[in-house]
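Trainee: Take this sequence and fold it.
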Amino acid sequence: MNLNNIFATLDSQIPIVALEVLAPEEATIIQWLTTQATELLDSPVFFWNLGVSSLEQCLIADDGGLVFKPVPEYKRPLPADPLLYIFEYINNFDGVGVFVLGDVQPFVGKNSPQMSWEILTRVKNLYHRLKPTEKRIIFLGQNIQLHESLVRLIPYFEVPLPSVEQVQEHLDSYLQYLGESATEQEVQFTVALTPEERESLARAALGLTLEEISDFLRLNVKERLSRSGITIDASVTPLVVEYKTRLLSQMGIELGKPATIPFGGLDNLREWLTRRRRLFTQEARSLSLPQPKGVLLAGPPGTGKSHCAKNIANILNLPLLQLDIASMLGSLVGESEGNVRRALKTAEAIAPCVLWVDEIEKALSGQGDSSGVSQRILGNLLTFMSECTAGVFVVATCNDPSALPSELKRKGRFDENFFVDLPSEPERCQILKIHLERFGIAVEDEYLEAIAANTAKFSGAELETLAAEAALLAFDEDRPQQVTLSDLMQCCENITPLAIQDAASVERMQAWSKTARAASSVVAQTPTKSLKTARFRNLN
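Mentor: This next block holds a predicted model:
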């Protein structure tokens, strides 16, 4: 539900609500709740969690900051359960009050091992008994998943990540605050940002909370302090990206680096992506055109799916986020799903962007998962893909589509399911040429055609290995960057492709390809050229 409706909800005799907030923003949200409760409900605000020894009243200081003042009347007997006691205290409280209770969701959470039926029952009793009173409760915390018996009683709200406009407004106000602080300390403070540079800085900070942006600015100001003062200019933008990268990596999200090597072949996929590139522009959004949801790339290992995912961000001209679901799996009940939800919300805040989920079948296959975590993560992902309209283009790569849940593979879930097969002969020429050029090696087309004709079962990764081995062989023989056909032949004989080692698995993948769209055009089969033909005999 919309956060702005939280006090309208409390004022309509719904006495308890749940509010999900990222940890860095807790103090900011408590300050906002205190201000709003005073203005809209004419009510004081109190805060409590297990880490606080007493109940505290939230007050706004003269400088606009938040102050916590202990409530002397709150004296918990030592033997009493702290959560049961605060519930009893609220029930007996004489007067008006909004009570913000932090981090109580483990005790009232769905499938939580810490869940207490006694506490759960007390919450239900409080819900009904507080209705006719002017006492209200806000459950505040992260990964809030209420027990089934409370879901229909307690409305759920979520604090969204800030939009680019909110980030810009916060940057302007906080830089002004830092400038005033510097002036008081007789330090020269200069903001040398054009309007375009300010917008670039704001977009670079998307995905961070306002408090994290403030932390970054304070840290940056300390690092830039010199005898000549402090200057905030365009050089701050790449620094906030680095700062954001470190924070997001702790959540299992990596800001992907743009691909520096193009992918060879896959003309059908390339054309499909190029036709949809304009749908992410402001022009398309102004026409209310539907945003592309994403693609599933399936195929044998080594065919370049991951490399292709990085190139998709380049083709669409969008930032790349990599989602590592495996690193988000936590030991606590609900932790894994909460981590995934936060990651998806972060992607939505950074949108438009490409969200790459590598080897998706490992996280969502459900094999050996008796707790249902995989199914709940799948549900979160499917809901996100169907409801997100911000322009998050999901690229899921998969080595074994048979392990994927059927609801993820069905038509309409992704915009298209592409099968990335072993490269055709012309594609093998392209791939070899791309990787040889990486080592500064120029090879005649006849060499490439001959090798491509005799590497029919090689994947893109194996062709990359072939190019690297040939370059190393030439270097070892004091012929740097002078690769011969003989070098390529020798290295080719030392590589046994996966399509031969595990032929059954690759054939099973190719059988599945009939249900998907080919990423490459069908190439007419031609007789395989021999490396010993007269045409190439003198090239050794």
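
Trainee: ok, the closest residue to Gly460 other than its chain neighbours to Ile14 distance?
Mentor: Closest residue in space to Gly460, ignoring its immediate chain neighbours: Gly304 at 3.9 Å, by Cβ to Cβ, 6 or more residues apart in numbering. Quick note: C-beta positions are derived from backbone N, CA and C, even for glycine. Here the criterion is Cβ to Cβ, to the nearest Å. By it, Gly304 lies 54 Å from Ile14.

Trainee: And those two? Which one has more around it.
Mentor: Per other Cβ atoms under 10 Å, whichever of Gly304 and Ile14 has more neighbours is Gly304, with 25 against 17.

Trainee: Let me know whether the residue nearest to Gly460 touches Leu422 as I believe.
Mentor: No. Counting by Cβ atoms under 8 Å, Gly304 stays clear of Leu422, with 10.2 Å between them.

Trainee: shared neighbours, these two?
Mentor: Ser459 (Cβ atoms under 8 Å, 6 or more residues apart in numbering).

Trainee: for the stretch 201-350 of the chain, what spans make up the helices?
Mentor: 210-224, 236-249, 267-276, 282-286, 305-316, 335-350 (DSSP state H, counting those that start in this stretch).

Trainee: Then the stretch 401-540 of the chain?
Mentor: Taking DSSP H, counting those that start in this stretch as the criterion, the stretch 401-540 of the chain carries its helices at 406-409, 425-438, 445-453, 460-476, 485-493, 498-501, 503-512, 534-537.

Trainee: and what of the stretch 1-150 of the chain?
Mentor: Under DSSP H, counting those that start in this stretch, the stretch 1-150 of the chain gives helices at 6-10, 26-36, 82-92, 105-108, 117-130, 148-151.

Trainee: Could you single out the most deeply buried of these?
Mentor: helix 105-108 (a mean of 22; mean count of other Cβ atoms under 10 Å).

Trainee: same for that helix, what does it pack against?
Mentor: helix 117-130, strand 135-141 (3 or more Cβ pairs under 8 Å, 6 or more residues apart in numbering; DSSP states H and E).

Trainee: Let me have the ones you listed in JSON lines, adding distance to Gln105 as columns.
Mentor: Shown next, in JSON lines, are those (distance: least, Cβ to Cβ, whole Å):
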{"stretch": "helix 117-130", "distance to Gln105": "11"}
{"stretch": "strand 135-141", "distance to Gln105": "5"}
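
Trainee: now for those, which one comes closest to Thr35?
Mentor: Taking Cβ to Cβ, strand 135-141 is the member of the helices and strands packed on helix 105-108 nearest to Thr35, at 14.0 Å.

Trainee: tell me the average confidence for that closest one?
Mentor: In this model, strand 135-141 carries a mean pLDDT of 96.

Trainee: got a list of contacts for that strand?
Mentor: So strand 135-141 is contacted by 6, 10, 15-21, 26, 29-30, 33, 41, 43, 90, 93, 95-105, 108, 126, 130, 154 (Cβ under 8 Å, 6+ apart).

Trainee: buried ones in it?
Mentor: 135-141 (16 or more other Cβ atoms under 10 Å).

Trainee: Kindly report the same for stretch 447-459.
Mentor: Buried, per 16+ other Cβ under 10 Å, within stretch 447-459: 447-455, 458-459.

Trainee: List just the one of the helices of the stretch 401-540 of the chain that sits closest to Asp62.
Mentor: helix 406-409 (55.2 Å).

Trainee: helices and strands around that closest one, which ones?
Mentor: Using 3+ Cβ pairs under 8 Å, 6+ apart: helix 406-409 touches helix 373-387.

Trainee: So for the helix it packs on, mean pLDDT?
Mentor: On average, helix 373-387 scores 84.

Trainee: Determine the set of other helices and strands touching the next helix or strand after it.
Mentor: Once the chain leaves helix 373-387, the next helix or strand it forms, by DSSP states H and E, is strand 392-398. Secondary-structure packing of strand 392-398 (3+ Cβ pairs under 8 Å, 6+ apart): strand 294-298, helix 305-316, helix 335-350, strand 353-357, helix 360-364.

Trainee: Which among these is found nearest to Val522?
Mentor: Closest of the helices and strands packed on strand 392-398 to Val522 is strand 294-298, at 17.7 Å (criterion: Cβ to Cβ).

Trainee: partners of the closest one, with directions?
Mentor: Sheet pairing of strand 294-298 (DSSP bridges) gives strand 392-398 (parallel), strand 416-419 (parallel).

Trainee: tell me the angle it makes with helix 267-276.
Mentor: Counting by axes from the mean of the first three to the mean of the last three Cα atoms, to 10 degrees, strand 294-298 points 170 degrees away from the direction of helix 267-276.
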